[in-house]
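Novice: What shape does this take:
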Amino acid sequence: MATIIVTGAGGNLGKIVTSYFRSQGHRVIGIWSPGKRPSENSQTDVEADLRDENATASCIESIQKQNGKIDVLLALAGGFDAGSIEETSLEVVKRMIALNFDTSWNVVKPVLSQMKKQTSPGRIVLIGARPAYEPERAKSMVAYALSKSMITELAKVVNASAKPHDIVCSVVVPGTIDTPQNREFAGNADTTTWVTPLEICRSIEYLISSEGTKLREPILRLYGN
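Specialist: Prediction:
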């Protein structure tokens, strides 16, 4: 049984991921953002503004003291905004960076520090985005793509730092995720190639499993098409 932290536990993907790994027998601590408390949550779940570096560090320290170790971090917190270069203000870019990069950086930093002190392997999974790799897609969601591109660079640096400690940072890059909100936004679009949250759960499960221990610096693209 692994001790797993899931950020963004109040979001569409976070709720499902948290529930899935609990059903597999793991000890899961969900962190939800202020105002996004899930309707069904465990007593171990906590609220924290991951955009706040000090608050996040305190949250992780508390989790570590209560559980003794942190085996896995699934950093799912984030946000989305659309817009071309002409339609995007610097303020929107900063907001996307705060939601997508800062929330990852602020939790990865203390978790990585803790994992380096442990004798057991550590696994960190970040959520990327297809537009961060494909400029044609990025041009209609510039701020989002830019902020998500920083996730890949963060993973590279984490892996370089963590290599001697058997800690691996992976990036899962889903295509369009099949959620109620995305279906509503897409209207009559073809959803058959969309990626389901369960498929993402199973992919993450492999990355953090004993079968996935030989993987190094993986970027897993779950595009569906």
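Novice: contacts and neighbour counts: CA atoms only from here.
Specialist: Noted.
Novice: which SSE is the residue lying closest to residue 216 once chain neighbours are set aside in?
Specialist: Using C-alpha to C-alpha, 6 or more residues apart in numbering and skipping the chain neighbours, the partner closest in space to residue 216 is residue 168 (6.3 Å). Per DSSP states H and E, residue 168 falls inside strand 167-174.
Novice: Check residue 103 too.
Specialist: Here residue 103 sits within helix 103-117, counting by DSSP H and E.
Novice: Hey, what's the angle from the helix or strand following that helix to strand 167-174? Just curious.
Specialist: Next helix or strand after helix 103-117 toward the C-terminus (DSSP H and E): strand 122-127. Between strand 122-127 and strand 167-174, the angle comes out at 20 degrees (axes from the mean of the first three to the mean of the last three C-alpha atoms, to 10 degrees).
Novice: What helices and strands are in contact with the longest helix along the chain?
Specialist: In the chain, with assignment by DSSP state H, the single longest helix is helix 142-162. Under the contact criterion of 3 or more C-alpha pairs under 8 Å, 6 or more residues apart in numbering; DSSP states H and E, helix 142-162 touches helix 90-97, helix 103-117, strand 122-127, strand 167-174.
Novice: Give the buried residues for the third one.
Specialist: It refers to strand 122-127. 122-127 (16 or more other C-alpha atoms under 10 Å).
Novice: ok so, going back, tell me the angle of the helix holding residue 103 relative to helix 90-97?
Specialist: Using the same axes, to 10 degrees: helix 103-117 against helix 90-97 is 30 degrees.
Novice: Give me the buried positions along helix 103-117.
Specialist: Using 16+ other C-alpha under 10 Å as the test for burial, helix 103-117 gives 103-108, 110-112, 114-116.
Novice: now the helices and strands packed on helix 142-162 in JSON lines, with distance to residue 71 and mean pLDDT?
Specialist: Output for the helices and strands packed on helix 142-162, formatted as JSON lines (distance: least, C-alpha to C-alpha, whole Å; pLDDT from 0 to 100):
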{"stretch": "helix 90-97", "distance to residue 71": "26", "mean pLDDT": "98"}
{"stretch": "helix 103-117", "distance to residue 71": "7", "mean pLDDT": "97"}
{"stretch": "strand 122-127", "distance to residue 71": "5", "mean pLDDT": "96"}
{"stretch": "strand 167-174", "distance to residue 71": "10", "mean pLDDT": "94"}
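Novice: Many thanks, have a good one.
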